[in-house]
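no sequence for this one, just the structure:
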Ligand code: AMP
């Protein structure tokens, strides 16, 4: 197979209908993960794609699936199943499929917990081509006999590392064992630690490894600053920061549900009297809200109806909105991974973003840990240095091991020097699709 990376969607030789959907969405060029995954996936190979959320990874598997779908009249049972860790991500992936399928009637069903079971049962009975779901609810449907996997030719494990972190391994394995053996499997993951590799070794067939992980953990386009803030002045500094920045769209992260609700109320009152902020619309999202409430907040954020969102980590992880310009860590997270996830909500698809972290006295070590994790030093914001020297600042300076150049690479056994790994010698997935009706359009 040609290994030159395609630079345009036309180079990917996609059907006219998909190209029109992409043009309607305003996607002009494939993102690195799309340019690297799509050609292999269209050829029927199993792929391990290493990329984080916000890089366009959803379309990297959605496009090849849509290109190869059989019409529903020929195949009423699901042909592709996408497993994702959270309900929020299920909604986003479903939404992206719907947008990419524009112009070609396609049945795509979201099968996530917290959503109406009856509606899902009816839709499955009627027939669907693609299922996007969380492992728990998928298992539920398999057990009821409402979801049959006999016709699945493509399985996607999206954010595989997070699914394993949450403890979905047994469910994922049960689902994979139910799918035909000669299917195609695409695994997307931000990290490829031992657990993900074990899963890949067990269930993927001679996968191509596409590495689009950033060398650093957070993307280069995000400016990251910290502010030393004492608890008494935290709120006042927050209002000053918002007044100075007048962010087009910002997410403010708190640690607890209670703290989130409290800050939301406090801020709601305070901004009324601040010129520039008084017109901003504010909302909150946390674990005490039901799915319908959360979905409505996500929708408003996506539509730009909300400028300030006060959120907790749990739900914050699933937010995929390309317009978020600012992240404010009002409470520093205890876990470095949460920092990475929070900050990753901005600077999506290469856009600029800025993140501010409020650091309290005694949190210097935590800040240092974060800096080591992202391999980069946060710079002080001049607004709040109220603790002065020796306050919360790091104790030991951070050693930056390598600079984050953001380059991606393809660690592809078939493209390497090893002649034994020639693509011609690779046994193609036996269930490799032929060009579908859709692709001819
Ligand atoms: P994802 O990593 O799949 O969550 O995608 C992040 C965001 O980028 C989503 O809002 C997509 O709609 C958007 N997106 C995906 N591919 C492209 C592209 N090729 N050009 C512009 N935006 C894109």
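Received, thanks. Small disclaimer: the values here were computed from a predicted structure and weren't measured.

Residues of the chain that sit close to the ligand?
Within the chain, the positions near the ligand by C-beta under 6 Å from any ligand atom are 27, 30-31, 34, 53-59, 96, 320, 322, 348-349. (Each C-beta comes from the backbone N, C-alpha and C, glycine too.)

In ChimeraX, select just the buried ones from these.
Here is the ChimeraX selection string for the buried members of these, based on 16 or more other C-beta atoms under 10 Å:
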select :27,30,31,34,53,54,55,56,57,58,59,96,320,348
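
So which of the residues of the chain next to the ligand sit within strands?
Using DSSP state E, no member of these falls within strands.

And stretch 324-344, what's buried?
Judged by neighbour count using 16+ other C-beta under 10 Å, the buried positions of stretch 324-344 are 324-333, 336-344.

Actually, stretch 100-113.
For stretch 100-113, by 16+ other C-beta under 10 Å, it's 100-104, 106-113.

With stretch 358-368 instead?
Quick answer for stretch 358-368 (16+ other C-beta under 10 Å): 358, 359, 360, 363, 364, 366, 367, 368.

Make JSON lines out of the residues you listed and add secondary structure.
JSON lines is the format used below for the buried residues of stretch 358-368 (DSSP: H, G, I helix; E, B strand; the rest coil):
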{"residue": "358", "secondary structure": "strand"}
{"residue": "359", "secondary structure": "strand"}
{"residue": "360", "secondary structure": "coil"}
{"residue": "363", "secondary structure": "coil"}
{"residue": "364", "secondary structure": "helix"}
{"residue": "366", "secondary structure": "helix"}
{"residue": "367", "secondary structure": "helix"}
{"residue": "368", "secondary structure": "helix"}
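
Present the residues you listed as TSV; the columns should include distance to residue 207.
Putting the buried residues of stretch 358-368 into TSV (distance: C-beta to C-beta, whole Å) gives the following:
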residue	distance to residue 207
358	42
359	42
360	45
363	41
364	43
366	37
367	38
368	37
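
Next, residue 226: phi, psi?
phi -130, psi 160 (degrees, to the nearest 10).

Point out where this structure drops to low pLDDT.
Along the chain, segments meeting pLDDT under 70 span 1-5, 214-220, 314-320, 348-351, 385-441.

one more time with 50
Applying pLDDT under 50 to the chain flags the ranges 2, 387-430, 432, 434-441.

how does it divide up, domain by domain?
For the chain, automatic domain parsing gives the domain ranges 9-214+407-438, 222-384.

picking that back up, among the residues of the chain next to the ligand, which two are most distant?
Of all pairs drawn from the residues of the chain next to the ligand, the one with the longest distance (C-beta to C-beta) is 30 and 320, at 18.1 Å.

what ranges do the helices span in the stretch 101-250 of the chain?
Using DSSP state H, counting those that start in this stretch, the helices of the stretch 101-250 of the chain run over 117-126, 135-144, 160-165, 169-178, 194-203, 234-245.

Need the contact partners of the first one.
Contact partners of helix 117-126, identified using C-beta atoms under 8 Å, 6 or more residues apart in numbering, comprise 107, 109, 111, 137, 141, 144, 146, 147.

Cross-check the contact I'm expecting between residue 104 and residue 17.
Yes. Counting by C-beta atoms under 8 Å, residue 104 does reach residue 17; the two are 5.1 Å apart.

Pipe the contacts of helix 117-126 into a markdown table and attach distance to residue 251 per row.
Shown next, in a markdown table, are these (distance: C-beta to C-beta, whole Å):
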| residue | distance to residue 251 |
| --- | --- |
| 107 | 34 |
| 109 | 29 |
| 111 | 28 |
| 137 | 27 |
| 141 | 33 |
| 144 | 37 |
| 146 | 37 |
| 147 | 35 |
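
biggest separation within these, which pair?
107 and 144 (19.3 Å).

on that earlier part again, what's the closest of the buried residues of stretch 100-113 to the ligand?
residue 100 (9.0 Å; C-beta to the nearest ligand atom).

Next one: that closest one from residue 246, what distance?
Using C-beta to C-beta, to the nearest Å, residue 100 is found at 34 Å from residue 246.

re earlier: looking at the residues of the chain next to the ligand, which are in helices?
If you go by DSSP state H, the residues of the chain next to the ligand have 34, 57, 58, 59, 96 in helices.

and of those, the nearest to residue 162?
Nearest to residue 162 among these, with distances taken as C-beta to C-beta, is residue 57, at 12.6 Å.

Assess the claim that residue 161 and residue 193 are in contact.
Yes. Taking C-beta under 8 Å as the definition, residue 161 is a contact partner of residue 193 at 6.8 Å.

which residue sits closest to residue 242, ignoring its sequence neighbours?
residue 277 (5.8 Å; C-beta to C-beta, 6 or more residues apart in numbering).

tell me the secondary structure for the one you found?
coil.

if I pick residue 288, what's in contact with it?
By C-beta under 8 Å, 6+ apart, the contact list for residue 288 reads 257, 261.

try it again with 10 Å
257, 258, 260, 261, 312 (C-beta atoms under 10 Å, 6 or more residues apart in numbering).

are any of the residues you listed buried, and which?
For the contacts of residue 288, buried by 16+ other C-beta under 10 Å: 257, 260, 261, 312.

Tell me the first helix or strand C-terminal of the helix or strand hosting the second one.
With elements delineated by DSSP states H and E, residue 260 resides in helix 257-271, which encompasses its position. Following the chain from helix 257-271 toward its C-terminal end, the next helix or strand by DSSP H and E is strand 282-285.

what pairs with that following strand, and is each one parallel or antiparallel?
Strand pairing for strand 282-285, determined by DSSP bridges: strand 308-311 (parallel).

roughly how far is the strand it pairs with from the heart of the chain?
What separates the centre of strand 308-311 from the centre of its chain is 19 Å, taken as C-alpha atoms, centre = their mean, to the nearest Å.

Could you do stretch 19-28 as well?
Computed by C-alpha atoms, centre = their mean, the chain-centroid distance of stretch 19-28 equals 20 Å.

Then stretch 270-278?
Offset of stretch 270-278 from its chain centre (C-alpha atoms, centre = their mean): 33 Å.

so how far does that stretch reach from one end to the other?
One end of stretch 270-278 to the other measures 9 Å (C-alpha to C-alpha, to the nearest Å).

buried residues in it?
Within stretch 270-278, the residues that count as buried by 16+ other C-beta under 10 Å are 270, 271, 277.
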